[in-house]
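Undergrad: Sharing a model that was predicted from the sequence below.
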Amino acid sequence: MSKILVTILFALTLAACKARAVPDAQPPATGIFAKHMQQALIQTIATTDSGRHVGVVRLRITLDANSAPIACKAQPSPGQEKLLPAGVPLSNSKALARLVEAQCWKTIYPRVPAALYEAKDTVDVIAPLVVMLPAADPSSLRGQANAQRAFFWQHLLRDQPVTSVGSVSVYYQGNAQGKVEQCLVQIHPHPLRPADFRLDSELQARLNARCLATNLNQLPGYSANANGVAEGYSELEYAPWRVGRP
């Protein structure tokens, strides 16, 4: 089985100040923030399915006063390949940097502790990333889950003018022809940003209407059982900075 590895060696810097790593003895809020940042980036990058990528990059993220990304810049990190297992072939470093940047813009980040802003309204997060992503396998459970998530993002959420941060659960039932017979779309707080969730009944109604009008024949992995019924579930995330992105 292919291994998926995304390791983040974390450092935080404050915008417009001399770069400095967060000391080992971090205040509790800063330590929790760093842990949640790691979890968010690892999850987003590990769920991409764009092919084999192996290497080390240095990612710099600028978060604004609302903890939304306003800049994502990834660069190759020469000399850091020693962090990878010996003998592992490296992929194209520029392609890896582009992948990491794209995923950076899609990530839901935790709220930055107020103390990290000091007198500024932005915070820079520097994250050296060790990435080992396997070749894409559309037939695997991971590949199908990622492809279905991308399908529902494109058909339900991509162009929606959301004003809050949250998660979406999509439960669907269709027939052998791909026609949706039942669909339930629920929105709920994102675990990293519960305070930024807004129960938007109009958004939920629009998403339900879109789901009912979707042709599931185009859904990766869609297959009806012997009774001509197909059922499934997908989980998505949304935030204002994700609107319009693939």
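TA: Perfect, I can see it now. Residues are numbered from 1 along each chain as shown.

Undergrad: the bottom helix or strand of this protein by mean pLDDT?
TA: The weakest-scoring helix or strand in the chain, judged by mean pLDDT, DSSP states H and E, is strand 11-14 (a mean of 43).

Undergrad: In which helix or strand does the most centrally placed residue in the chain reside?
TA: For the chain, the residue nearest the mean C-alpha position is Thr44 (3.2 Å; Cα atoms, centre = their mean). For Thr44, the host element (DSSP states H and E) is helix 28-46.

Undergrad: what are the C-alpha coordinates of the helix or strand following that helix, in PDB please?
TA: Heading C-terminal from helix 28-46, the first helix or strand you meet, by DSSP H and E, is strand 53-63. The C-alpha trace of strand 53-63 is given here as PDB (Å, rounded to 0.1, in the frame of the first residue of the first chain):
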ATOM      1  CA  HIS A  53       4.900  14.200  -5.400                       C
ATOM      2  CA  VAL A  54       8.000  13.800  -3.300                       C
ATOM      3  CA  GLY A  55      10.200  16.500  -1.900                       C
ATOM      4  CA  VAL A  56      10.700  19.300   0.600                       C
ATOM      5  CA  VAL A  57       9.300  22.900   0.200                       C
ATOM      6  CA  ARG A  58       9.200  26.000   2.300                       C
ATOM      7  CA  LEU A  59       5.700  27.400   2.600                       C
ATOM      8  CA  ARG A  60       5.100  31.000   3.700                       C
ATOM      9  CA  ILE A  61       1.500  31.900   4.500                       C
ATOM     10  CA  THR A  62       0.300  35.400   5.400                       C
ATOM     11  CA  LEU A  63      -2.900  35.400   7.500                       C
END
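
Undergrad: Pull the distance from strand 53-63 to the chain's centre.
TA: Here strand 53-63 is found 14 Å from its chain centre; the criterion is Cα atoms, centre = their mean, to the nearest Å.

Undergrad: how far off helix 28-46 does that strand point, in degrees?
TA: With axes from the mean of the first three to the mean of the last three Cα atoms, to 10 degrees applied, the angle from strand 53-63 to helix 28-46 works out at 140 degrees.

Undergrad: Check the burial of Tyr222 by counting its neighbours.
TA: By other Cβ atoms under 10 Å, the residues close to Tyr222 number 18. Where you see a C-beta, it was placed from the backbone N, CA and C, and this is true even at glycine.

Undergrad: Please name the residues that touch it.
TA: By Cβ atoms under 8 Å, 6 or more residues apart in numbering, Tyr222 lies in contact with Gly174, Gly178, Leu216, Ala230, Gly232.
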